[in-house]
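Enquirer: Quick one: sequence plus predicted model below, questions after.
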Amino acid sequence: MTPETTRGWASPEPGLDARFAAALAGAAVGDALGGPVEGWSPEQIAARHGGRVHGIVGPWHGDDWRTARPIAPYHKGDGHVTDDTLMTHALVRVYARVRDHLDAYAVADHLVPDLMTEPRWIPELEAEALPLQRIFLAEKWLVARLAYGHVDPREAGSGNIVNCGAAMYMAPVGLVNAGNPAGAYAEALDVSGAHQSSYGREAAGVFAAAVAAAATPGATPESVVAACLALAKDGTRTAVERVCETAVRYDDVESALVPLREAVAPYDTVGPDYRAPSLGARRPSRLHSIEELPVALGMLLVAGGDYRQAVLGSVNYGRDCDSIATMAGALAGALGSPPPEEWTTAVAEASRLDLEAPARTLAAVAREVFARDTARRRTHEDAFARLDPRADATAPAATGGVPCCG
């Protein structure tokens with residue numbers, strides 16, 4: 001397949017600004033489409049909607065969303081983004097303040113105060129509130145551990161349930177490190193150490209690497225997966241490998257729904273009933289993986305990088321499909337396949353969010369970070385050359401290196 005048919009762009013390939021815009025808007029739109037069917041199975045979704053979901057739909061319980069359990073009091077549906085997007089945009093704001101690479105201390109110094117002290121419009125609450133009042137307990141952990149527990153930020157994620165909570169908002173880390181998957185992986189591992197441990201933290205690193213790989217000129221879904229497999233460890237690596245081995249056998253997302261679930265099931269701790277997790281659910285392990293990232297990568301492969309197909313496949317997969325669609329949407333967007341304009345407009349209006357401004361902000365920061373990285377690298381090259389005159393300081397830098405964060 002040609003780039004035009006698989007990734008939705010016209011030659012020449014999109015540049016940095018276009019990829020950033022498509023990735024962040026793509027993540028938000030995927031989040032909004034997946035929110036109203038989160039937690040259900042493909043069969044339940046089809047029964048509720050008279051077939052597969054093909055776009056924005058209303059709340060699962062209709063007008064009873066305010067009181068119906070287990071969704072209440074959140075208005076999921078009608079184009080409302082969820083905490084995935086709220087956290088992603090919060091991380092962009094941290095980059096806008098720091099204007100350099102982030103670490104766990106940046107989370108403590110900037111992200112936590114943002115969640116605690118800055119009221120914002122919360123679409124699912126249909127009210128202005130602190131983001132802290134919307135995020136779930138696994139994200140409230142950041143505030144409990146860092147603001148009240150005074151835990152070392154690099155270790156604060158230990159003890160939290162192991163889930164996709166950190167991975168779901170790591171797209172900005174991948175974009176700031178566009179073209180440098182190893183750098184994105186290292187930075188995301190540091191950032192997410194304040195939030196998650198074990199395979200939850202690993203998934204955050206691998207997802208950031210995937211976004212950085214997708215934002216590389218000439219990237220394909222296959223090259224994104226290859227970058228992930230080169231970096232991923234333990235159960236995360238195995239789960240990605242098994243799911244993607246399954247994904248390449250299919251060329252339509254409908255046929256892949258059940259096989260992808262079967263491929264990831266041995267590594268997913270939640271179990272077959274998403275709303276009644278198994279005894280071992282979300283506990284640290286070197287053998288397991290979150291479900292969301294491998295499935296998002298699998299959908300990206302099945303869809304050939306096409307945004308619409310990757311996201312709709314993720315949405316109709318069910319389970320934690322808002323996070324799966326957030327990841328798949330970010331990856332397809334970073335590859336250069338933007339979300340349909342009608343979806344982006346509808347989500348922005350329904351959620352009362354500017355979906356373009358975060359990308360502009362992050363692109364400006366990424367340019368500044370790249371300039372700093374270049375200066376730091378040249379300083380290092382000069383120092384090493386003076387230490388060892390035999391060193392060839394003009395040799396091309398190794399691709400995928402870890403950026404200096406000093």
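Expert: Perfect, I can see it now. Predicted model, so just to flag it, every value in this text is computed and none were measured.

Enquirer: Return the helix or strand in the chain with minimum mean pLDDT.
Expert: Using mean pLDDT, DSSP states H and E, the weakest-scoring helix or strand in the chain turns out to be helix 3-7, at a mean of 38.

Enquirer: Just the buried residues of whichever strand or helix holds Thr344, please?
Expert: Per DSSP states H and E: Thr344 is located in helix 341-351. By neighbour count on 16 or more other CB atoms under 10 Å, the buried set for helix 341-351 is 343-344, 346-348, 350-351. For every residue, glycine as well, the C-beta is placed using N, CA and C.

Enquirer: now the helices: where do they sit in the stretch 251-400 of the chain?
Expert: Ranges of helices in the stretch 251-400 of the chain, per DSSP state H, counting those that start in this stretch, are 253-264, 292-302, 307-317, 321-335, 341-351, 357-387.

Enquirer: Determine the angle, from 0 to 180 degrees, between the fifth one and helix 321-335.
Expert: Relative orientation of helix 341-351 with respect to helix 321-335: 130 degrees, computed using axes from the mean of the first three to the mean of the last three CA atoms, to 10 degrees.

Enquirer: and helix 341-351, C-alpha only, in CSV?
Expert: Extracted C-alpha coordinates of helix 341-351, given in CSV (Å, rounded to 0.1, in the frame of the first residue of the first chain):
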residue,chain,number,x,y,z
GLU,A,341,-12.4,17.2,10.4
GLU,A,342,-16.1,16.7,11.3
TRP,A,343,-15.1,14.6,14.3
THR,A,344,-12.5,17.1,15.5
THR,A,345,-14.9,20.0,15.2
ALA,A,346,-17.7,18.1,17.0
VAL,A,347,-15.4,17.0,19.9
ALA,A,348,-13.9,20.5,20.3
GLU,A,349,-17.4,22.1,20.4
ALA,A,350,-18.9,19.5,22.7
SER,A,351,-16.0,19.5,25.1
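
Enquirer: and that helix, what does it pack onto?
Expert: helix 16-34 (3 or more CB pairs under 8 Å, 6 or more residues apart in numbering; DSSP states H and E).

Enquirer: returning to what we had before: which stretch among the helices of the stretch 251-400 of the chain comes nearest Arg154?
Expert: Nearest to Arg154 among those is helix 357-387; the distance by CB to CB comes to 20.9 Å.

Enquirer: Show me what counts as buried in that closest one.
Expert: 358-359, 361-363, 365-366, 369-370, 372-373, 381.

Enquirer: Turn those residues into CSV, columns for pLDDT and distance to Asp17.
Expert: Shown next, in CSV, are those (pLDDT from 0 to 100; distance: CB to CB, whole Å):
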residue, pLDDT, distance to Asp17
Pro358, 98, 12
Ala359, 98, 7
Thr361, 98, 11
Leu362, 98, 10
Ala363, 98, 5
Val365, 98, 13
Ala366, 98, 10
Val369, 98, 15
Phe370, 98, 14
Arg372, 98, 19
Asp373, 98, 19
Glu381, 94, 29
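
Enquirer: ok, of those, which one's closest to Gly336?
Expert: Nearest member of the buried residues of helix 357-387 to Gly336, counting by CB to CB, is Ala359, at 13.8 Å.

Enquirer: for this protein, what spans make up the strands?
Expert: Along the chain, counting by DSSP state E, strands occupy 120-122, 127-129.

Enquirer: Contacts for the last one, please.
Expert: What it means is strand 127-129. With CB atoms under 8 Å, 6 or more residues apart in numbering as the test, strand 127-129 has contacts from 119-122.

Enquirer: try stretch 154-166
Expert: 103-105, 108, 136-139, 141-142, 145-146, 149, 190-201, 203-204, 269, 282-285, 290-293, 320, 323.

Enquirer: Would you mind checking these for buried ones?
Expert: By 16+ other CB under 10 Å, the contacts of stretch 154-166 give 103-105, 108, 138-139, 141-142, 145-146, 190-201, 203-204, 269, 282, 284, 290-293, 320, 323 as buried.

Enquirer: Arg66 reaches Ala72, doesn't it?
Expert: Yes - assessed by CB atoms under 8 Å, Arg66 is found in contact with Ala72 at 6.0 Å.

Enquirer: and the gap between the residue lying closest to Ala363 once chain neighbours are set aside and Val311?
Expert: Leaving aside its chain neighbours, Ala363 sits nearest to Phe20 (4.7 Å; criterion: CB to CB, 6 or more residues apart in numbering). According to CB to CB, to the nearest Å, Phe20 stands 18 Å off from Val311.

Enquirer: ok, those two, which is more surrounded?
Expert: Val311 (36 against 28; other CB atoms under 10 Å).

Enquirer: mind checking how far the more buried one is from Gly79?
Expert: 14 Å.

Enquirer: and what of Met168?
Expert: 19 Å.

Enquirer: now Ser285
Expert: Counting by CB to CB, the gap from Ser285 to Gly79 is 37 Å.

Enquirer: repeat for Leu146
Expert: 32 Å.

Enquirer: next one: Leu301
Expert: Leu301 is 28 Å from Gly79, by CB to CB.

Enquirer: Those two: who's more crowded?
Expert: Neighbour count, other CB under 10 Å: between Leu301 and Gly79, Leu301 has more, with 26 against 22.

Enquirer: what residues are up against the closest residue to the more buried one other than its chain neighbours?
Expert: If the residues on either side of it in the chain are set aside, Leu301 comes closest to Ala247, at 4.1 Å by CB to CB, 6+ apart. Contacts for Ala247 (CB under 8 Å, 6+ apart) come out as 256, 260, 297-299, 301-302.
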